[in-house]
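**Student:** got a sequence here, can you model it:
(one chain, ligands or ions: 3)
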Amino acid sequence: MKTNRSSTYAKMPVRTALAVILTAWSVSFAFSQATGYPEYGLYDTDLLPPSFFKANREKLLRAIGDSALAVFYSAPEHTRINDTEFKYRQDNDFFYLTGCNQPNSLLLLSSRPFEVSDTSGKHSVREILFVEERNPARETWTGRQLGPYGAITVLGFESALPNSVIEKTLGKIIPNTKEAYFPLEPSQAEGKLAEFVRTVENYERLLQHWGRVGIRNPVPLVRQMREVKSPEELRLIRRAVDISMDGHRQMLKSCKPGMYEYQLQALFEYVTVSQGAEYMAYPCIVGSNENSVILHYESNRRRLGAGEVIVADCGAEYHNYASDITRTIPVGGKFTAPQRQIYDIVLSAQEKSMDLMKPGVNYYAIVNKKAIDVVRDGLLKLGIIKDSADYRKYFMHGVGHPVGLDVHDVSLTGVLKAGEVWTVEPGIYIPAHSEGVDPKYWNIGVRLEDDVLVTENGYELLTKDLPRDPDAVERLMKEPGIGALPVK
Ligand code: GLY
Ligand code: MN
Ligand code: MN
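**Tutor:** Ligands and ions are numbered 1, 2, ... in the order given. Okay, here's the model as predicted:
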(Lines give C-alpha, C1' and ligand atoms only; values in the text may rest on other atoms or scores of the structure.)
(Ligands and ions follow the chains in the order given, each with its own letter.)
Protein backbone atom coordinates (compact mmCIF):
# COMPACT_ATOMS: atom_id res chain seq x y z
CA MET A 1 0.00 0.00 0.00
CA LYS A 2 1.25 3.44 -0.90
CA THR A 3 1.40 5.91 1.98
CA ASN A 4 1.47 9.63 1.74
CA ARG A 5 4.61 10.42 3.73
CA SER A 6 4.56 14.17 3.45
CA SER A 7 1.09 14.40 4.92
CA THR A 8 2.12 12.09 7.81
CA TYR A 9 5.13 14.27 8.62
CA ALA A 10 3.08 17.43 8.24
CA LYS A 11 0.96 16.46 11.25
CA MET A 12 3.95 15.82 13.52
CA PRO A 13 5.57 18.34 15.84
CA VAL A 14 9.03 19.34 14.59
CA ARG A 15 10.87 17.54 17.39
CA THR A 16 9.04 14.25 16.73
CA ALA A 17 9.71 14.55 13.01
CA LEU A 18 13.39 15.08 13.69
CA ALA A 19 13.45 12.04 15.95
CA VAL A 20 11.78 9.93 13.24
CA ILE A 21 14.27 11.11 10.63
CA LEU A 22 17.25 10.49 12.93
CA THR A 23 15.99 7.01 13.86
CA ALA A 24 15.40 6.12 10.21
CA TRP A 25 18.88 7.39 9.35
CA SER A 26 20.58 5.47 12.17
CA VAL A 27 18.62 2.28 11.31
CA SER A 28 19.68 2.54 7.69
CA PHE A 29 23.27 3.33 8.76
CA ALA A 30 23.33 0.36 11.14
CA PHE A 31 21.85 -1.78 8.38
CA SER A 32 24.50 -0.77 5.88
CA GLN A 33 27.21 -1.42 8.52
CA ALA A 34 25.79 -4.87 9.22
CA THR A 35 25.54 -5.86 5.60
CA GLY A 36 28.61 -4.15 4.18
CA TYR A 37 28.23 -1.96 1.12
CA PRO A 38 27.14 -4.27 -1.72
CA GLU A 39 26.86 -1.30 -4.11
CA TYR A 40 30.64 -0.96 -3.78
CA GLY A 41 31.32 -4.72 -3.76
CA LEU A 42 32.07 -4.64 -0.01
CA TYR A 43 30.46 -7.48 1.95
CA ASP A 44 32.67 -7.93 5.02
CA THR A 45 31.21 -6.53 8.23
CA ASP A 46 34.35 -6.76 10.40
CA LEU A 47 36.61 -4.35 8.52
CA LEU A 48 38.55 -1.74 10.46
CA PRO A 49 36.29 1.29 11.05
CA PRO A 50 36.88 4.61 9.23
CA SER A 51 37.69 6.14 12.65
CA PHE A 52 40.87 4.01 12.85
CA PHE A 53 42.24 5.37 9.57
CA LYS A 54 41.06 8.91 10.34
CA ALA A 55 42.96 8.80 13.67
CA ASN A 56 46.08 7.68 11.77
CA ARG A 57 45.76 10.60 9.36
CA GLU A 58 45.30 13.02 12.24
CA LYS A 59 48.43 11.66 13.89
CA LEU A 60 50.42 12.03 10.68
CA LEU A 61 49.18 15.60 10.25
CA ARG A 62 50.41 16.40 13.76
CA ALA A 63 53.77 14.83 12.91
CA ILE A 64 54.37 16.89 9.76
CA GLY A 65 53.88 20.25 11.46
CA ASP A 66 51.62 23.15 10.66
CA SER A 67 52.65 24.18 7.17
CA ALA A 68 53.19 21.00 5.28
CA LEU A 69 51.57 18.62 2.86
CA ALA A 70 52.06 14.88 2.46
CA VAL A 71 51.36 12.54 -0.43
CA PHE A 72 50.98 8.75 -0.41
CA TYR A 73 50.38 6.42 -3.36
CA SER A 74 48.44 3.20 -3.68
CA ALA A 75 50.46 0.14 -4.79
CA PRO A 76 50.88 -0.41 -8.52
CA GLU A 77 49.17 -3.33 -10.25
CA HIS A 78 51.52 -6.02 -11.57
CA THR A 79 51.11 -7.96 -14.79
CA ARG A 80 51.37 -11.74 -14.38
CA ILE A 81 50.78 -12.88 -17.95
CA ASN A 82 49.11 -11.33 -20.99
CA ASP A 83 45.94 -9.44 -19.98
CA THR A 84 46.14 -10.86 -16.47
CA GLU A 85 47.27 -9.08 -13.35
CA PHE A 86 48.37 -10.59 -10.04
CA LYS A 87 45.57 -10.30 -7.48
CA TYR A 88 45.81 -6.73 -6.24
CA ARG A 89 47.39 -6.06 -2.84
CA GLN A 90 47.44 -2.54 -1.40
CA ASP A 91 50.57 -0.74 -0.16
CA ASN A 92 50.63 -1.01 3.62
CA ASP A 93 51.47 2.62 4.48
CA PHE A 94 48.74 3.82 2.12
CA PHE A 95 46.24 1.33 3.58
CA TYR A 96 47.12 2.34 7.16
CA LEU A 97 46.14 5.92 6.37
CA THR A 98 43.11 5.31 4.16
CA GLY A 99 41.51 1.84 4.49
CA CYS A 100 41.36 1.97 0.69
CA ASN A 101 42.20 -1.22 -1.19
CA GLN A 102 41.95 0.26 -4.69
CA PRO A 103 44.80 0.89 -7.15
CA ASN A 104 45.28 4.22 -8.91
CA SER A 105 44.60 6.17 -5.74
CA LEU A 106 46.52 8.96 -4.06
CA LEU A 107 46.19 10.50 -0.61
CA LEU A 108 46.87 14.20 -0.11
CA LEU A 109 47.08 15.63 3.40
CA SER A 110 47.67 19.25 4.23
CA SER A 111 48.11 20.68 7.69
CA ARG A 112 46.61 23.97 6.43
CA PRO A 113 42.95 23.66 5.42
CA PHE A 114 42.27 24.38 1.76
CA GLU A 115 39.09 24.77 -0.25
CA VAL A 116 37.72 22.07 -2.57
CA SER A 117 34.56 21.49 -4.56
CA ASP A 118 33.41 17.90 -4.45
CA THR A 119 30.16 15.93 -4.22
CA SER A 120 29.49 17.68 -0.87
CA GLY A 121 29.82 21.15 -2.47
CA LYS A 122 32.49 23.75 -1.73
CA HIS A 123 34.16 23.33 1.66
CA SER A 124 37.41 23.57 3.54
CA VAL A 125 39.35 20.32 4.15
CA ARG A 126 42.75 18.93 5.18
CA GLU A 127 42.52 15.61 3.36
CA ILE A 128 41.58 14.38 -0.10
CA LEU A 129 41.52 10.85 -1.40
CA PHE A 130 41.89 10.76 -5.17
CA VAL A 131 40.35 7.63 -6.71
CA GLU A 132 39.18 6.36 -10.09
CA GLU A 133 35.88 7.82 -11.21
CA ARG A 134 33.21 5.07 -11.26
CA ASN A 135 32.73 3.63 -14.75
CA PRO A 136 29.93 1.09 -15.24
CA ALA A 137 31.47 -0.35 -18.42
CA ARG A 138 34.80 -1.00 -16.68
CA GLU A 139 33.10 -2.29 -13.52
CA THR A 140 31.43 -4.95 -15.67
CA TRP A 141 34.91 -6.36 -16.30
CA THR A 142 36.84 -5.72 -13.13
CA GLY A 143 34.36 -5.18 -10.32
CA ARG A 144 32.82 -2.42 -8.28
CA GLN A 145 34.76 0.70 -7.33
CA LEU A 146 34.23 3.28 -4.62
CA GLY A 147 34.47 6.36 -6.77
CA PRO A 148 34.81 9.74 -4.99
CA TYR A 149 31.32 9.54 -3.43
CA GLY A 150 32.00 6.06 -2.02
CA ALA A 151 35.35 7.21 -0.66
CA ILE A 152 33.49 9.81 1.40
CA THR A 153 30.56 7.65 2.52
CA VAL A 154 32.37 4.34 3.09
CA LEU A 155 35.86 5.44 4.13
CA GLY A 156 34.83 8.64 5.88
CA PHE A 157 37.08 11.09 4.02
CA GLU A 158 36.46 14.81 4.37
CA SER A 159 36.80 15.00 0.63
CA ALA A 160 37.41 12.76 -2.37
CA LEU A 161 37.99 13.66 -5.98
CA PRO A 162 38.56 11.84 -9.29
CA ASN A 163 42.22 10.98 -9.80
CA SER A 164 42.20 13.01 -13.03
CA VAL A 165 42.47 16.28 -11.04
CA ILE A 166 45.53 15.45 -8.93
CA GLU A 167 47.88 17.79 -10.76
CA LYS A 168 45.46 20.72 -10.70
CA THR A 169 44.72 20.27 -7.00
CA LEU A 170 48.36 19.90 -5.97
CA GLY A 171 49.16 23.05 -7.93
CA LYS A 172 46.65 25.03 -5.83
CA ILE A 173 47.95 23.84 -2.47
CA ILE A 174 51.71 23.89 -2.93
CA PRO A 175 52.13 27.69 -2.90
CA ASN A 176 50.82 27.73 0.70
CA THR A 177 53.16 25.12 2.04
CA LYS A 178 56.64 25.20 3.59
CA GLU A 179 57.37 21.50 3.61
CA ALA A 180 56.31 18.76 1.23
CA TYR A 181 56.47 15.10 2.20
CA PHE A 182 56.72 13.09 -1.00
CA PRO A 183 57.33 9.35 -0.96
CA LEU A 184 60.30 7.98 -2.80
CA GLU A 185 59.49 6.75 -6.26
CA PRO A 186 57.76 3.35 -6.15
CA SER A 187 60.18 1.13 -8.04
CA GLN A 188 57.72 -0.45 -10.45
CA ALA A 189 55.08 2.19 -10.98
CA GLU A 190 52.88 1.26 -13.92
CA GLY A 191 49.82 2.80 -15.56
CA LYS A 192 47.99 5.49 -13.62
CA LEU A 193 50.40 5.28 -10.70
CA ALA A 194 53.31 6.08 -13.02
CA GLU A 195 51.39 9.22 -14.06
CA PHE A 196 50.94 10.26 -10.42
CA VAL A 197 54.60 9.69 -9.73
CA ARG A 198 55.57 11.86 -12.70
CA THR A 199 53.17 14.58 -11.55
CA VAL A 200 54.54 14.57 -8.05
CA GLU A 201 58.13 14.41 -9.33
CA ASN A 202 57.51 17.43 -11.55
CA TYR A 203 56.39 19.36 -8.49
CA GLU A 204 59.30 18.06 -6.52
CA ARG A 205 61.75 19.33 -9.16
CA LEU A 206 59.98 22.67 -9.31
CA LEU A 207 60.03 23.03 -5.53
CA GLN A 208 63.69 22.11 -5.36
CA HIS A 209 64.36 24.67 -8.06
CA TRP A 210 62.54 27.36 -6.05
CA GLY A 211 64.41 26.19 -2.98
CA ARG A 212 61.81 27.54 -0.59
CA VAL A 213 59.96 24.33 0.19
CA GLY A 214 61.64 21.54 2.17
CA ILE A 215 61.25 18.12 0.58
CA ARG A 216 61.02 15.18 2.96
CA ASN A 217 60.15 11.49 2.99
CA PRO A 218 56.94 10.72 4.92
CA VAL A 219 57.44 6.94 5.05
CA PRO A 220 59.49 6.76 8.32
CA LEU A 221 56.76 8.75 10.11
CA VAL A 222 54.09 6.19 9.17
CA ARG A 223 56.38 3.25 9.87
CA GLN A 224 56.88 4.51 13.40
CA MET A 225 53.13 4.84 13.86
CA ARG A 226 52.64 1.25 12.65
CA GLU A 227 54.90 -0.30 15.31
CA VAL A 228 52.38 -0.44 18.17
CA LYS A 229 49.14 -2.14 17.21
CA SER A 230 45.77 -0.73 18.28
CA PRO A 231 43.09 -2.99 19.81
CA GLU A 232 41.28 -2.98 16.44
CA GLU A 233 44.41 -4.16 14.64
CA LEU A 234 45.06 -6.81 17.27
CA ARG A 235 41.57 -8.17 16.69
CA LEU A 236 42.50 -8.84 13.04
CA ILE A 237 45.97 -10.20 13.84
CA ARG A 238 44.41 -12.58 16.40
CA ARG A 239 41.98 -13.76 13.76
CA ALA A 240 44.75 -14.31 11.19
CA VAL A 241 46.67 -16.28 13.85
CA ASP A 242 43.61 -18.21 14.94
CA ILE A 243 42.62 -19.45 11.49
CA SER A 244 46.27 -20.19 10.67
CA MET A 245 46.49 -22.39 13.78
CA ASP A 246 43.44 -24.28 12.43
CA GLY A 247 45.30 -24.70 9.13
CA HIS A 248 48.40 -26.04 10.92
CA ARG A 249 46.33 -28.48 13.01
CA GLN A 250 44.81 -29.81 9.82
CA MET A 251 48.24 -30.25 8.20
CA LEU A 252 49.44 -32.15 11.28
CA LYS A 253 46.37 -34.40 11.43
CA SER A 254 46.23 -35.12 7.69
CA CYS A 255 49.97 -35.59 7.02
CA LYS A 256 50.79 -39.11 5.75
CA PRO A 257 53.79 -40.63 3.94
CA GLY A 258 53.17 -40.66 0.19
CA MET A 259 51.37 -37.30 0.14
CA TYR A 260 52.89 -34.40 -1.76
CA GLU A 261 54.12 -31.21 -0.15
CA TYR A 262 51.57 -29.28 -2.23
CA GLN A 263 48.73 -31.31 -0.73
CA LEU A 264 49.64 -30.05 2.74
CA GLN A 265 49.79 -26.53 1.31
CA ALA A 266 46.33 -27.09 -0.23
CA LEU A 267 44.94 -28.15 3.16
CA PHE A 268 46.34 -25.05 4.87
CA GLU A 269 44.98 -22.77 2.17
CA TYR A 270 41.61 -24.57 2.16
CA VAL A 271 41.16 -24.18 5.92
CA THR A 272 42.23 -20.54 6.11
CA VAL A 273 40.46 -19.34 2.96
CA SER A 274 37.34 -21.15 4.25
CA GLN A 275 37.52 -18.80 7.24
CA GLY A 276 37.73 -15.70 5.07
CA ALA A 277 41.47 -15.17 4.58
CA GLU A 278 41.91 -13.12 1.40
CA TYR A 279 45.58 -14.03 0.89
CA MET A 280 48.41 -16.02 2.35
CA ALA A 281 50.71 -13.61 4.20
CA TYR A 282 53.57 -15.18 2.13
CA PRO A 283 53.77 -18.24 -0.11
CA CYS A 284 53.35 -21.43 1.98
CA ILE A 285 56.65 -23.12 2.76
CA VAL A 286 56.23 -26.90 3.02
CA GLY A 287 59.72 -28.40 2.78
CA SER A 288 60.37 -32.08 3.45
CA ASN A 289 63.70 -33.83 3.94
CA GLU A 290 66.31 -32.05 1.72
CA ASN A 291 63.84 -29.16 1.40
CA SER A 292 63.46 -28.78 5.16
CA VAL A 293 66.89 -27.13 5.20
CA ILE A 294 65.94 -24.48 2.59
CA LEU A 295 64.71 -21.52 4.60
CA HIS A 296 62.16 -20.12 2.14
CA TYR A 297 61.45 -23.20 -0.01
CA GLU A 298 58.23 -22.48 -1.89
CA SER A 299 57.90 -24.89 -4.78
CA ASN A 300 56.31 -27.64 -2.61
CA ARG A 301 56.51 -30.36 -5.31
CA ARG A 302 58.13 -33.26 -3.46
CA ARG A 303 56.52 -36.50 -2.26
CA LEU A 304 56.79 -37.16 1.49
CA GLY A 305 58.64 -40.23 2.72
CA ALA A 306 58.13 -41.94 6.10
CA GLY A 307 60.69 -40.94 8.72
CA GLU A 308 61.39 -37.54 7.18
CA VAL A 309 60.81 -34.19 8.73
CA ILE A 310 58.85 -31.23 7.24
CA VAL A 311 59.30 -27.54 7.97
CA ALA A 312 55.78 -26.14 7.42
CA ASP A 313 55.92 -22.32 7.57
CA CYS A 314 52.43 -21.08 6.67
CA GLY A 315 50.47 -17.99 7.70
CA ALA A 316 47.25 -16.52 6.41
CA GLU A 317 46.48 -12.84 5.93
CA TYR A 318 43.11 -11.54 7.15
CA HIS A 319 41.83 -8.08 6.15
CA ASN A 320 45.43 -7.03 5.30
CA TYR A 321 46.97 -8.31 8.59
CA ALA A 322 49.51 -11.14 8.66
CA SER A 323 50.31 -14.15 10.78
CA ASP A 324 53.52 -16.17 10.54
CA ILE A 325 53.68 -19.67 12.04
CA THR A 326 56.02 -22.65 11.59
CA ARG A 327 55.70 -26.19 12.84
CA THR A 328 58.07 -29.06 12.19
CA ILE A 329 56.21 -32.24 11.33
CA PRO A 330 57.55 -35.82 11.50
CA VAL A 331 56.21 -37.70 8.46
CA GLY A 332 54.61 -40.86 9.85
CA GLY A 333 53.74 -39.25 13.16
CA LYS A 334 56.86 -39.94 15.24
CA PHE A 335 60.15 -38.06 15.45
CA THR A 336 63.29 -40.18 15.01
CA ALA A 337 65.85 -39.92 17.82
CA PRO A 338 68.20 -37.53 15.91
CA GLN A 339 65.23 -35.38 14.78
CA ARG A 340 64.06 -35.18 18.37
CA GLN A 341 67.54 -34.12 19.56
CA ILE A 342 67.55 -31.20 17.11
CA TYR A 343 63.91 -30.38 17.87
CA ASP A 344 64.61 -30.20 21.61
CA ILE A 345 67.42 -27.66 21.08
CA VAL A 346 65.20 -25.46 18.91
CA LEU A 347 62.30 -25.66 21.36
CA SER A 348 64.55 -24.76 24.26
CA ALA A 349 66.06 -21.83 22.29
CA GLN A 350 62.55 -20.61 21.54
CA GLU A 351 61.27 -20.87 25.10
CA LYS A 352 64.33 -19.33 26.73
CA SER A 353 64.51 -16.41 24.30
CA MET A 354 60.76 -15.73 24.33
CA ASP A 355 60.78 -15.59 28.11
CA LEU A 356 62.97 -12.47 27.97
CA MET A 357 60.38 -10.47 26.05
CA LYS A 358 58.93 -7.40 27.76
CA PRO A 359 58.77 -3.66 27.08
CA GLY A 360 62.16 -1.95 26.98
CA VAL A 361 64.13 -5.07 25.98
CA ASN A 362 66.19 -4.81 22.79
CA TYR A 363 64.98 -7.76 20.74
CA TYR A 364 68.14 -8.13 18.66
CA ALA A 365 70.63 -7.70 21.50
CA ILE A 366 68.80 -9.77 24.13
CA VAL A 367 66.19 -12.14 22.65
CA ASN A 368 68.14 -12.96 19.49
CA LYS A 369 71.35 -13.44 21.44
CA LYS A 370 69.71 -15.85 23.87
CA ALA A 371 68.43 -18.01 21.00
CA ILE A 372 71.92 -18.08 19.47
CA ASP A 373 73.49 -19.06 22.81
CA VAL A 374 71.09 -21.99 23.27
CA VAL A 375 71.46 -23.24 19.68
CA ARG A 376 75.26 -22.91 19.79
CA ASP A 377 75.53 -24.80 23.08
CA GLY A 378 73.17 -27.52 21.84
CA LEU A 379 75.11 -28.03 18.60
CA LEU A 380 78.42 -28.18 20.50
CA LYS A 381 76.98 -30.75 22.89
CA LEU A 382 75.79 -33.02 20.06
CA GLY A 383 79.19 -32.71 18.34
CA ILE A 384 77.59 -31.15 15.24
CA ILE A 385 79.98 -28.21 15.58
CA LYS A 386 83.42 -28.14 17.23
CA ASP A 387 84.01 -24.40 16.99
CA SER A 388 81.30 -22.23 18.59
CA ALA A 389 81.38 -19.67 15.71
CA ASP A 390 80.22 -22.43 13.37
CA TYR A 391 76.65 -22.29 14.71
CA ARG A 392 76.03 -19.84 11.83
CA LYS A 393 76.34 -22.68 9.33
CA TYR A 394 73.16 -24.24 10.72
CA PHE A 395 71.24 -21.27 12.19
CA MET A 396 71.65 -18.61 9.56
CA HIS A 397 68.75 -16.24 10.22
CA GLY A 398 67.66 -13.87 12.97
CA VAL A 399 65.34 -15.24 15.63
CA GLY A 400 62.37 -13.13 14.58
CA HIS A 401 60.75 -9.95 13.36
CA PRO A 402 57.66 -7.82 13.98
CA VAL A 403 54.36 -8.84 12.34
CA GLY A 404 51.50 -6.58 11.29
CA LEU A 405 50.35 -5.35 7.92
CA ASP A 406 53.67 -6.66 6.59
CA VAL A 407 54.65 -10.16 7.56
CA HIS A 408 58.09 -8.64 8.13
CA ASP A 409 56.67 -5.56 9.80
CA VAL A 410 58.36 -2.46 11.11
CA SER A 411 60.47 -1.71 14.15
CA LEU A 412 62.78 1.27 13.85
CA THR A 413 64.83 0.52 16.98
CA GLY A 414 64.21 -3.14 17.89
CA VAL A 415 63.35 -2.08 21.45
CA LEU A 416 60.13 -3.88 22.43
CA LYS A 417 56.99 -1.87 23.18
CA ALA A 418 53.66 -3.05 24.59
CA GLY A 419 51.28 -3.60 21.70
CA GLU A 420 53.90 -4.88 19.25
CA VAL A 421 53.65 -8.37 17.78
CA TRP A 422 56.86 -10.31 17.07
CA THR A 423 57.71 -13.79 15.88
CA VAL A 424 60.15 -15.97 17.77
CA GLU A 425 61.50 -18.50 15.29
CA PRO A 426 64.79 -20.22 15.95
CA GLY A 427 65.82 -23.01 13.59
CA ILE A 428 68.54 -25.52 12.85
CA TYR A 429 69.08 -26.71 9.27
CA ILE A 430 71.61 -29.45 8.50
CA PRO A 431 72.05 -30.17 4.78
CA ALA A 432 73.23 -33.58 3.53
CA HIS A 433 77.03 -33.92 3.32
CA SER A 434 77.64 -31.26 5.96
CA GLU A 435 81.32 -31.62 6.68
CA GLY A 436 82.17 -33.38 9.92
CA VAL A 437 78.50 -33.96 10.81
CA ASP A 438 77.22 -37.47 11.57
CA PRO A 439 75.00 -38.50 8.58
CA LYS A 440 72.17 -39.33 10.99
CA TYR A 441 71.61 -35.55 11.23
CA TRP A 442 71.65 -34.89 7.47
CA ASN A 443 68.53 -33.39 5.88
CA ILE A 444 67.08 -32.46 9.22
CA GLY A 445 65.59 -28.98 9.28
CA VAL A 446 63.68 -27.81 12.34
CA ARG A 447 62.05 -24.41 12.78
CA LEU A 448 59.49 -23.40 15.39
CA GLU A 449 57.83 -20.06 14.84
CA ASP A 450 55.26 -18.48 17.12
CA ASP A 451 53.60 -15.07 17.28
CA VAL A 452 53.99 -13.07 20.47
CA LEU A 453 52.19 -9.93 21.66
CA VAL A 454 54.30 -7.71 23.91
CA THR A 455 52.18 -6.68 26.93
CA GLU A 456 52.73 -4.11 29.72
CA ASN A 457 54.38 -6.70 31.95
CA GLY A 458 55.78 -9.28 29.57
CA TYR A 459 54.17 -11.08 26.66
CA GLU A 460 51.20 -13.10 25.49
CA LEU A 461 51.80 -16.10 23.25
CA LEU A 462 49.13 -15.69 20.57
CA THR A 463 49.84 -19.16 19.18
CA LYS A 464 49.67 -20.99 22.53
CA ASP A 465 46.85 -23.29 21.36
CA LEU A 466 48.98 -24.88 18.65
CA PRO A 467 51.15 -27.69 20.10
CA ARG A 468 54.92 -27.25 20.11
CA ASP A 469 55.92 -29.87 22.63
CA PRO A 470 57.05 -32.86 20.51
CA ASP A 471 54.87 -35.36 22.42
CA ALA A 472 51.84 -33.09 21.95
CA VAL A 473 52.66 -32.79 18.22
CA GLU A 474 52.79 -36.59 17.94
CA ARG A 475 49.50 -36.94 19.85
CA LEU A 476 47.74 -34.45 17.57
CA MET A 477 49.01 -36.33 14.51
CA LYS A 478 47.11 -39.44 15.68
CA GLU A 479 43.79 -37.60 15.39
CA PRO A 480 41.89 -37.99 12.11
CA GLY A 481 42.22 -35.12 9.66
CA ILE A 482 40.10 -34.21 6.66
CA GLY A 483 42.91 -35.49 4.42
CA ALA A 484 43.85 -34.34 0.95
CA LEU A 485 42.03 -35.32 -2.22
CA PRO A 486 43.94 -38.20 -3.79
CA VAL A 487 46.19 -37.21 -6.69
CA LYS A 488 44.67 -38.77 -9.85
N1 GLY B 1 57.61 -16.86 6.71
C2 GLY B 1 58.71 -16.01 6.59
C3 GLY B 1 59.39 -15.85 7.89
O4 GLY B 1 59.28 -16.68 8.73
O5 GLY B 1 59.99 -14.86 8.15
MN1 MN C 1 58.87 -15.20 10.32
MN1 MN D 1 57.55 -17.91 8.82
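
**Student:** can you map out the helices along the stretch 51-200 of the chain?
**Tutor:** Applying DSSP state H, counting those that start in this stretch to the stretch 51-200 of the chain gives helices spanning 92-98, 136-142, 147-153, 166-173, 191-210.

**Student:** which strands or helices does the third one pack on?
**Tutor:** This means helix 147-153. In terms of contacts (3 or more C-beta pairs under 8 Å, 6 or more residues apart in numbering; DSSP states H and E), helix 147-153 is packed against strand 121-131, strand 160-162. Where C-beta positions appear, they are placed from N, C-alpha and C, glycine not excepted.

**Student:** and those, which is most packed in?
**Tutor:** strand 160-162 (a mean of 22; mean count of other C-beta atoms under 10 Å).

**Student:** ok, back up a step: format the helices and strands packed on helix 147-153 as CSV; extra columns: distance to ligand 3.
**Tutor:** Listed next are the helices and strands packed on helix 147-153 as CSV, based on distance: least, C-beta to the ion, whole Å:
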stretch, distance to ligand 3
strand 121-131, 34
strand 160-162, 37
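
**Student:** for those strands, give me TSV that also has distance to residue 297.
**Tutor:** Listed next are the helices and strands packed on helix 147-153 as TSV, based on distance: least, C-beta to C-beta, whole Å:
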stretch	distance to residue 297
strand 121-131	39
strand 160-162	44
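
**Student:** which among these is found nearest to residue 410?
**Tutor:** Comparison of the helices and strands packed on helix 147-153 against residue 410 by C-beta to C-beta identifies strand 121-131 as nearest, at 22.9 Å.

**Student:** so what touches that closest one?
**Tutor:** Outside strand 121-131, the residues that touch it by C-beta atoms under 8 Å, 6 or more residues apart in numbering are 57, 61, 98, 100, 102, 104-116, 145-148, 150-151, 155, 157-163, 165-166, 169.

**Student:** just the buried members of these?
**Tutor:** Buried by 16 or more other C-beta atoms under 10 Å: 57, 61, 98, 100, 102, 104-111, 114, 116, 145-148, 150-151, 155, 157-161, 163, 165-166, 169, out of the contacts of strand 121-131.

**Student:** least confident secondary structure element in the chain?
**Tutor:** The helix or strand of the chain with the lowest confidence, counting by mean pLDDT, DSSP states H and E, is helix 5-10 at a mean of 34.

**Student:** coming back round to it: ok, which of the helices of the stretch 51-200 of the chain comes nearest ligand 3?
**Tutor:** helix 92-98 (17.7 Å; C-beta to the ion).

**Student:** packing partners of the closest one?
**Tutor:** helix 50-64, strand 68-73, strand 106-118, helix 219-226.

**Student:** possible to save the ones you listed as TSV with mean pLDDT?
**Tutor:** Listed next are those as TSV, based on pLDDT from 0 to 100:
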stretch	mean pLDDT
helix 50-64	97
strand 68-73	94
strand 106-118	93
helix 219-226	96
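
**Student:** how about residue 230, what does it touch?
**Tutor:** 52, 419.
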